[in-house]
Each structure stands twice: as structure tokens, then as C-alpha cells.
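Novice: My questions concern the predicted model and sequence given below.
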Amino acid sequence: MRNGTTLLLLTAIAVAGAAYLTLGDAGPAPAAAPALASVSDAPSALVIFPVGEKPNPEGVGMKPVAFNHLLHENRVENCESCHHTGDTAACTTCHTLEGRAEGKFVTLAQAMHSPNSARKGQGNTPQSCTSCHAKQLQRPECAGCHSIVKPARSETYCSTCHNVSGLTKGDMVAGIAGSLPDGRNAELAVDTLKTRENPVQLQPADGPYKVFIDEIADQYKASMFAHRRHVASLMERVKDNSLAAAFHNQPTTLCSTCHHYSPLKDTPPKCGSCHSQRINPANPERPQLKAAYHLLCMGCHKGMNVARPLNTSCVTCHKQSEAKPADSAAAKLGGE
């Protein structure tokens, strides 16, 4: 990898592991997904090591990444989407931990994590893993949640990519030095990708069928929220999305948009546990309960281009309360 030569197709490993590399479904599929075909001489999967100029046997600064090349190869327009110079050499040929002149001193971390596409230079406009994934999150089926809540860049989040199963210290030393045999590299990558397949998700039936939101019922009656239908709709929208399958890797990940900052479990606390009916002076930046409900519901619908209900139509979600006798008498007096 380090000397920039094109990686040869590892036929035996690729064929043996091809069934594990589609990562297409978030749950069991009724039929086998069609096999992905490679149009390059690259391996189906490989481990990207933190290559640097200095000895770094522990890989300080970056943990290796098991990269599903076959899947990404079938998702981009052409190889230059990633190999922006037109040369299909390994990324670490130009982008190292410290940065090299060949890569205009763009470090490996910057090349992989820059939130925006870089300026167009030689070849295509350079994209990072992060900037490419961010574009995918703008799709309606993703934008509803991701326009509201941004995933915390925690160790758990980073380990979605930065983990390699069965990696030994010897593998790490050889990988950083660019001397790890191709067969061992592919073996590590395939074994890691197998562990990421079909993560378990909570099913719609695991939660309540309906939820009645009545904490602030006054002018309007309690709102009936079709909880199970909403969960089923979200799961249906992303079931064939391989990016969602990779990052929705916990049973409760889909729950985290609505139940944000709550312990992620099958019985999360009510919204009113954190959002009070009036602004809390101790947490003035935290929306009051009514605002929290409306910002979340309307924000998700807007992100997903859900036409109904209209944001201005209160009675679509809230049946209006019948006027109380006292209220009617006051209105009558006011009219006179």
C-alpha cells in the first residue's frame, strides 16, 4: 500500500468473502441481494492503516479501518470520486499521518474526515469519507432525523469504522510499514465486515402501539401519536440503505432522534422528564415542552418532505376542546 502500486485482486479471498460484503439490508431480506461485481483490480475489502513517516507500532492518532471497497466501488460514479488525481494508488501513498508533499500536506485524517469537498485540483473534486456520507444524509429518508440531531462524535461513533477484528500488534506494525501481506490484509477486512452485517434493531412491535401526548392539553385535546406506524415507516425507508445499516449498529439507534439525550433503551423516559412546560432558568437553552414537540415533529416532516399535515393545521393532530361554559359566557360578554 505504501509504495503506491495498484492493489491486485485477491481472488481467493474476494470470492470467499463476497457474500459478506454487500451489507445492503438492516434486517433479514426475503431474497438474497444480487452479488456486486468489481470493475477494478482492487481487492473487495482492505484494511487502511495509519501510515506515517515515523515509527508508530501502536498506531497512535488513528486506528485502522476495514474498508469495503467492493460496496463503495458500486456506489460511486467512477474511481476518481475517491482517487481524485486519476491514479488508483492507495490513499496513504500521498496522505500520511504527518502529510506529504505529494498530497499537498493534507494529512490522512484530513483527507478522510474533512466535512467539505476540497477545491478541485488535478482530476476530480476531492471528497472525504465524511463529506460523501454527509451528502447521503441529505436524502429525504435520512434528512428527517439527521437534520435535527447530529450524532455525537464519541468513541462509539468512531469505532463504527475504526475497528478491525483479530488485529495483532504484529499486523499493526507490518500494516503501518506497508509490509503486511495482501492475503492477511484482506482476511482481516473480510472478517471485520462480517461482524457488521445485519445489526439487530428494535422492531415496531417492541414499542407502544399509540402514545397519547396530554401533558399540555388545554385548548386542544390530547394528541394521539401513532408510534408503531412511525417506527415502521422509518425502518422501511432505510432498510436497503447500506450506510444506515453500517451506522445504525445498535438496537435503539433509530430511537435516538426523538429520544435524544435519553438512555437508549426500550422504555425511554417521557419528553416531559427534561422539557418543562415553561423555560427552565437553570437551562434557558432547552426548549419548553410545547416547542420541543413541535420542533421535532415538524422538523422531521420537513426534512422528509412529508406534505401532510400542514404546519399551520393544528386540528390535524389536535382535536379542539369543547368550549367551557365559563369561556362561552366570557366570549359572549366580550362580544357585547
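Specialist: Noted; the coordinates are in hand. Residues are numbered from 1 along each chain as shown.

Novice: Enumerate every residue touching the closest residue in space to Tyr220 that isn't next to it in sequence.
Specialist: Leaving aside its sequence neighbours, Tyr220 sits nearest to His318 (CB to CB, 6 or more residues apart in numbering; 3.4 Å). Using the backbone N, CA and C atoms, a C-beta is placed for each residue, glycine as well. The neighbourhood of His318, defined by CB atoms under 8 Å, 6 or more residues apart in numbering, consists of Tyr220, Lys221, Ser223.

Novice: Read off the pLDDT value for the second one.
Specialist: It stands for Lys221. Lys221 carries a pLDDT value of 84.

Novice: What's the first helix or strand after the strand or helix carrying Cys142?
Specialist: With elements taken from DSSP states H and E, the one containing Cys142 is helix 140-146. Next in sequence after helix 140-146, counting helices and strands by DSSP H and E, comes helix 155-158.

Novice: From the chain's centroid, how far away is that following helix?
Specialist: 11 Å (CA atoms, centre = their mean, to the nearest Å).

Novice: List of residues touching stretch 258-270?
Specialist: By CB under 8 Å, 6+ apart, stretch 258-270 touches 149, 202, 206-207, 215, 250, 252-253, 255-256, 273-274, 296.

Novice: before we move on, what about stretch 209-227?
Specialist: Residues outside stretch 209-227 that contact it (CB under 8 Å, 6+ apart): 207-208, 228, 270-272, 277, 289-290, 293, 314-315, 317-321.

Novice: in that stretch, what counts as buried?
Specialist: The neighbour-count check on stretch 209-227 (16 or more other CB atoms under 10 Å) flags Val211, Ile213, Ser223, Phe225 as buried.

Novice: re earlier: could you list which of the contacts of stretch 209-227 belong to helices?
Specialist: Arg228, Leu289, Lys290, Tyr293, Cys314, Val315, Cys317 (DSSP state H).

Novice: ok, back up a step: separate out the buried members of the contacts of stretch 258-270.
Specialist: Counted by 16+ other CB under 10 Å, the contacts of stretch 258-270 give Val149, Leu202, Gly207, Thr252, Thr253, Cys255, Ser256, Cys274, Leu296 as buried.

Novice: Where does confidence bottom out across those?
Specialist: Among the buried ones among the contacts of stretch 258-270, Val149 has the weakest pLDDT, 78.

Novice: Show the contacting residues for it.
Specialist: Here Val149 is in contact with Ser256, Thr257, His260 (CB under 8 Å, 6+ apart).

Novice: wait, the second one sits on Ile148?
Specialist: Yes. Distance between Thr257 and Ile148: 5.9 Å, which falls inside the contact criterion (CB atoms under 8 Å).
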